[in-house]
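Engineer: following is a predicted model, sequence given first.
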Amino acid sequence: MTYQDEYGMSVNQPESFWQEKAAALPWFTQPKHILSKDENGMDRWFADGEMNTCYMAVDYHVEQGRGAQAALIYDSPVSDTKYTVSYAELQEKVAIFAGALQDKGVTKGDRVVIYMPMITEAVVAMLAVARLGAIHSVVFGGFAPNELAVRIDDAQPKVIVTASCGIEIQKIIPYKPLINEAIELAEHKPDSVIVLQRPQVVAELDRAHDADWTACVAAAKPVAPVPVKGTDPLYILYTSGTTGTPKGVVRDNGGHAVALHYSMKAIYDVDVGDVYWAASDVGWVVGHSYIVYGPLLKGCTTVVYEGKPVRTPDAGGFWRMCEEYKITTLFAAPTAFRAIKKEDPNGELIGQYDLSHLRNIFMAGERLDPPTYEWTVAKTGKPVIDHWWQTETGWAICGNLLGVETKAPKPGSATVPTPGFNVVILDDDGNALPANTQGSIAIKLPLPPSCLPSIWNNFPRFQESYLSEFPGYYCSGDGGYIDDDGYVFIMGRTDDVINIAGHRLSTGEMEEVVADHNAVAECTVIGVKDELKGQLPVGLVILKDGVEIDEATLFAELKAMMVKQIGPIACFKEALIVGRLPKTRSGKILRKILRQMADNQPYVVPSTIDDPASLDEIKDIMQSKGLI
């Protein structure tokens, strides 16, 4: 089928389309009710189907004779450890750990919080919870105790699974003291804490509910997969809320498995046996979807990497991985490639590795700016595919569907809507806008499989957050436009718009200009208040390593570029050279907080921030320039 045929069927005959995709998976009982309504009036997929996600992702492949195939490659430059786990070995590990959880009282529908570093056991724990028909909630290892406590109280887990420590660049973070403090702070008390001891730190098992992973596994017996309904929850994943209180995104078993299995071929063009690497963390949605579930549902080999894009040991880490494991598909956030570009601007390290097996590089998690796109294409010689999705959807809303029909890329665009996502651009009153007109990006209901049906224990908040602004549509919170060819351009969050003397200009558009300067490694543009014109743009810039340019010269050159490419209306006010930008651990720049800081407004620093000191540094710079 052509893309147009595939997409047209998905939005015009969604039940037929998704019934066909569901039939490709090994259900215990094939669903007959493809699309139905739940008690909240929400659309739900495959409600009467019976299945188990762990069975689909692990046991099924062993039954098909692929037990000896590599399921998982573990590579940890920070601990100097590497090994491979076959599908048969993974099945054994998961079945035994499911037995250990069962011994601790975990049954179908119970919650288990997983607070782990990027190690194989994190994947084993997730799959073991799914095997029992229970619900996992993965929290990024190292999160602050008060934030972990909030999640414990919301999910009310029966068990917490953790490790004795996480390993960062040049530092080790003991986890058990953080867990102990979180449990003290939380009202809900889990029955057990299972701790995997790592050699770098041995945790004290000093509480009555503490248990040793190895001892639990030694005493356990393997457990068979427990059947669940298609609409039973697989996991809860907390995402930052605008109020500072995290939202527990709920993911169904059935729709999630069908959408991810379909996406592996349709979007990424990978097949059984391919080595697929999503360079993320299991604490994020990319890790859930494309380190753990997507590749294993498809029968690929997935990669668990305990390292960074740079400094483990250098900016060639990604390329070393691609050569060593013959990786066919690499997926990471643009911020990872900007970090590599900053430390290796000429791409000299890329040339030291054999990338002949690498077919495609995918990016998502934030807007892919054209300079980063063009640098990566030029230096690697590989196709770079931008795609756009959210924690709430669990997979790409827009992309270039390599397994259906490859489109010519357009820098700055996430290409076209993925089948199932009826994407429209709306004005503030909910009216559809014509091509090339910026507005709010919304998705017409019903949402396709895998998208969240609710917020855990808080359906009213789900309605208020996503469905109330434009009735009949899911509001993405992102702004952009669709061009004459149907390509979708994501220009940033809808509040990342600068109003200059009545003219609404996108920060994303301005960031493209700033990032195009040959001295700039990474940047962001925010609007600061101006008495005369309402707001004026200020650029925060990180320079490439080895580049020397004074701030006045940089500002003059950027201002000239802004006038040439956007026009005098841009009124570029200032360029500040900074050492780092405040980001979440998944790489998103905290633009809204920077804007609130510049405007002397109160702001809440999210728990997901990677480097809180970066905010203080920028605040000092802004104050020294008289901006705040």
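Structural biologist: In hand now; what should we look at? Numbers count the residues shown, from 1 in each chain.

Engineer: make it CA atoms for all contacts and neighbour counts henceforth
Structural biologist: Will do.

Engineer: let me see the ranges of the strands in the stretch 451-600 of the chain.
Structural biologist: Applying DSSP state E, counting those that start in this stretch to the stretch 451-600 of the chain gives strands spanning 473-482, 488-493, 497-500, 503-506, 520-530, 534-543, 574-577.

Engineer: so what's the closest residue to Val150 other than its chain neighbours up against?
Structural biologist: Nearest residue to Val150 in three dimensions, chain neighbours excluded: Ala186, at 6.9 Å (CA to CA, 6 or more residues apart in numbering). Residues in contact with Ala186, defined by CA atoms under 8 Å, 6 or more residues apart in numbering, are 149-150, 152-153.

Engineer: how far away is Ala186 from Ile179?
Structural biologist: With the distance defined as CA to CA, to the nearest Å, Ala186 ends up 10 Å from Ile179.

Engineer: same thing with Cys475?
Structural biologist: 36 Å.

Engineer: the two: which is more packed in?
Structural biologist: Shown here are Cys475 and Ile179; by other CA atoms under 10 Å, Ile179 has more neighbours (23 against 19).

Engineer: tell me which residues in the host helix or strand of the more buried one are buried?
Structural biologist: Using DSSP states H and E, the element containing Ile179 is helix 176-185. Going by neighbour count (16 or more other CA atoms under 10 Å), the buried part of helix 176-185 is 176, 178-179, 182-183, 185.

Engineer: can I get the residues you listed in TSV with distance to Thr239 and pLDDT?
Structural biologist: Listed next are those as TSV, based on distance: CA to CA, whole Å; pLDDT from 0 to 100:
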residue	distance to Thr239	pLDDT
Lys176	23	97
Leu178	20	94
Ile179	20	97
Ala182	18	95
Ile183	21	97
Leu185	21	95
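
Engineer: Arg338: which of those is nearest?
Structural biologist: Distance to Arg338, by CA to CA, is smallest for Leu178 among those, at 31.7 Å.

Engineer: check contacts around that closest one.
Structural biologist: By CA under 8 Å, 6+ apart, the contact set of Leu178 is 142, 144-145.

Engineer: any idea how far the helix holding Ile179 is from the chain center?
Structural biologist: Centroid displacement of helix 176-185 relative to its chain, using CA atoms, centre = their mean, to the nearest Å, is 26 Å.

Engineer: same question, stretch 384-391
Structural biologist: Per CA atoms, centre = their mean, the displacement of stretch 384-391 from the mean C-alpha position of its chain is 9 Å.

Engineer: need the residues that contact that stretch.
Structural biologist: Residues from elsewhere that reach stretch 384-391 (CA under 8 Å, 6+ apart): 239, 249, 284-285, 360-368, 373, 376-377, 395-400, 409, 413-415, 490.

Engineer: in strands only, show me the residues you listed.
Structural biologist: The members of these that map onto strands under DSSP state E are 239, 249, 360-363, 396-399, 490.

Engineer: for those, could you give me a markdown table that also reports distance to Pro77 and neighbour count?
Structural biologist: Listed next are the ones in strands among the contacts of stretch 384-391 as a markdown table, based on distance: CA to CA, whole Å; neighbours: other CA atoms under 10 Å:
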| residue | distance to Pro77 | neighbour count |
| --- | --- | --- |
| Thr239 | 29 | 19 |
| Val249 | 32 | 22 |
| Asn360 | 24 | 18 |
| Ile361 | 22 | 21 |
| Phe362 | 23 | 20 |
| Met363 | 23 | 23 |
| Ala396 | 30 | 22 |
| Ile397 | 33 | 21 |
| Cys398 | 33 | 24 |
| Gly399 | 32 | 28 |
| Ile490 | 35 | 26 |
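
Engineer: what's the closest of those residues to Leu132?
Structural biologist: Nearest member of the ones in strands among the contacts of stretch 384-391 to Leu132, counting by CA to CA, is Val249, at 20.2 Å.

Engineer: mind listing what the closest one touches?
Structural biologist: Contact partners of Val249, counting by CA under 8 Å, 6+ apart, are 236-239, 391-392, 452, 454-456.

Engineer: at 6 Å what do you get?
Structural biologist: Applying CA atoms under 6 Å, 6 or more residues apart in numbering, we find Val249 in contact with 236-238, 455.

Engineer: distance check, it against Tyr487.
Structural biologist: In terms of CA to CA, Val249 sits 28 Å off from Tyr487.

Engineer: worst mean pLDDT across the helices and strands of this structure, which element?
Structural biologist: Least confident helix or strand of the chain, by mean pLDDT, DSSP states H and E, is strand 503-506 with a mean of 68.

Engineer: after the longest helix seen in the chain, next one along is what?
Structural biologist: What stands out as the longest helix in the chain, according to DSSP state H, is helix 87-103. Sequence order places strand 111-115 as the next helix or strand after helix 87-103, per DSSP H and E.

Engineer: stretch 117-130 - what's its average pLDDT?
Structural biologist: Throughout stretch 117-130, pLDDT has a mean value of 98.

Engineer: correction: the previous question concerned stretch 358-371.
Structural biologist: 90.

Engineer: the closest residue to Leu297 other than its chain neighbours in helix, strand or coil?
Structural biologist: Counting by CA to CA, 6+ apart, Leu297 lies nearest to Ala57, which is 4.2 Å off, once chain neighbours are set aside. Here Ala57 is recorded as helix under DSSP: H, G, I helix; E, B strand; the rest coil.

Engineer: separation between Ala57 and Ala22?
Structural biologist: According to CA to CA, Ala57 stands 14 Å off from Ala22.

Engineer: ok, now Ile618?
Structural biologist: In this view, Ile618 and Ala22 are 50 Å apart by CA to CA.

Engineer: now Phe362
Structural biologist: Distance of Phe362 to Ala22, given as CA to CA: 25 Å.

Engineer: His188 too?
Structural biologist: From His188 over to Ala22 the distance is 38 Å, taken as CA to CA.

Engineer: before we move on, what about Asn360?
Structural biologist: Asn360 is 26 Å from Ala22, by CA to CA.

Engineer: got the CA coordinates for stretch 598-611 in CSV?
Structural biologist: Output of stretch 598-611 as CSV, limited to C-alpha atoms (Å, rounded to 0.1, in the frame of the first residue of the first chain):
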residue,chain,number,x,y,z
ALA,A,598,13.5,36.5,33.0
ASP,A,599,10.1,38.0,33.8
ASN,A,600,10.6,37.7,37.6
GLN,A,601,7.6,35.3,37.8
PRO,A,602,7.4,32.4,40.3
TYR,A,603,8.4,29.0,38.8
VAL,A,604,8.6,25.4,39.9
VAL,A,605,11.8,23.6,39.1
PRO,A,606,10.7,20.1,37.8
SER,A,607,12.0,16.9,39.4
THR,A,608,13.2,15.9,36.0
ILE,A,609,15.9,18.7,35.8
ASP,A,610,19.3,17.2,35.1
ASP,A,611,21.5,20.1,36.4
